[in-house]
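Trainee: okay, structure incoming, though there's no sequence with it:
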Ligand code: G3P
């Protein structure tokens, strides 16, 4: 299972990339706004922090304008992945970009049928937003399970399931059990995956006992 970082915070991305756990990065207009950075400069810098795909989202609403924006974003780096919204125009742009050999991440997916459409359009990734579904008392992880089953029913669909709007380690555990291909994690969620009180307690006891031996390994 691949881990992307869902962030436009370059310091946090660089810090996590050093762990070897980062397979790519996703951004969105809200994250870019929060960063206060110039969009193209930001994407360019993030593309140096990972060899994996870096999702840069278009903001136009019609397919032709989306493709013009993609023309501006794709030359930034070889690992730019164009992100488009799950609209008919977004799917038209997806087909055009995919036919030209570009990876597209189709975002704002909230239903299995939307995920089926994105796969038929040639998306490299579908981004179902599990946290936002949970927020309205819907079943975010149930959607991931449905999409997994649908895509597995049709092996010619090559779209990868990219679990987005992740809020907790439990979303990651369930995504891995279901067999999602990728999850995009806010930095704090990735950091929290390692936490277990028994690990801390056990390490503390081992080190205390080691001290008693009076030995040093080096
Ligand atoms: O990048 C898309 C998605 O991960 C947004 O998450 O927390 O704003 O619902 P969130």
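Mentor: Looks like it arrived, so ask away. Remember, predicted model here, so these are calculated numbers, not experimental data. Numbers count the residues shown, from 1 in each chain.

Trainee: point out the residues in the protein that sit beside the ligand.
Mentor: Contact residues, the chain versus the ligand (CB under 6 Å from any ligand atom): 6, 26, 28, 129, 131-132, 164-165, 184. All C-beta spots, glycine's among them, are computed from the backbone N, C-alpha and C.

Trainee: write the ChimeraX selection for whichever of these are buried.
Mentor: In ChimeraX syntax, the buried subset of the residues of the chain next to the ligand is picked out as below (16 or more other CB atoms under 10 Å):
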select :6,26,28,129,164,165,184
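
Trainee: now the strands for the chain?
Mentor: With DSSP state E as the criterion, the chain has strands at 2-6, 24-26, 54-57, 80-85, 104-109, 125-128, 160-163, 182-185.

Trainee: what lines up beside the last one in the sheet?
Mentor: Strands that pair with strand 182-185, judged by DSSP bridges, come out as strand 2-6 (parallel), strand 160-163 (parallel).

Trainee: next one: the third one
Mentor: For strand 54-57, the paired strands and their directions (DSSP bridges) are strand 24-26 (parallel), strand 80-85 (parallel).

Trainee: any idea which of these is most buried?
Mentor: strand 24-26 (a mean of 26; mean count of other CB atoms under 10 Å).

Trainee: picking up where we left off before, dump the strands of the chain into TSV; add mean pLDDT as well.
Mentor: Listed next are the strands of the chain as TSV, based on pLDDT from 0 to 100:
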stretch	mean pLDDT
strand 2-6	98
strand 24-26	98
strand 54-57	98
strand 80-85	98
strand 104-109	98
strand 125-128	98
strand 160-163	98
strand 182-185	98
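
Trainee: now distance to residue 48 too, for the ones you listed, in a markdown table please.
Mentor: Below are those laid out as a markdown table (distance: least, CB to CB, whole Å):
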| stretch | distance to residue 48 |
| --- | --- |
| strand 2-6 | 14 |
| strand 24-26 | 11 |
| strand 54-57 | 10 |
| strand 80-85 | 12 |
| strand 104-109 | 20 |
| strand 125-128 | 21 |
| strand 160-163 | 22 |
| strand 182-185 | 19 |
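
Trainee: in contact with residue 116, which residues?
Mentor: By CB atoms under 8 Å, 6 or more residues apart in numbering, the contact set of residue 116 is 150, 157.

Trainee: look up how far residue 186 lies from it.
Mentor: The spacing between residue 116 and residue 186, counted by CB to CB, to the nearest Å, is 28 Å.

Trainee: do the same with residue 40
Mentor: From residue 40 to residue 186 the distance is 23 Å (CB to CB).

Trainee: more crowded one of those two?
Mentor: Taking neighbours as other CB atoms under 10 Å, residue 40 and residue 186 compare with residue 186 leading, 19 against 13.
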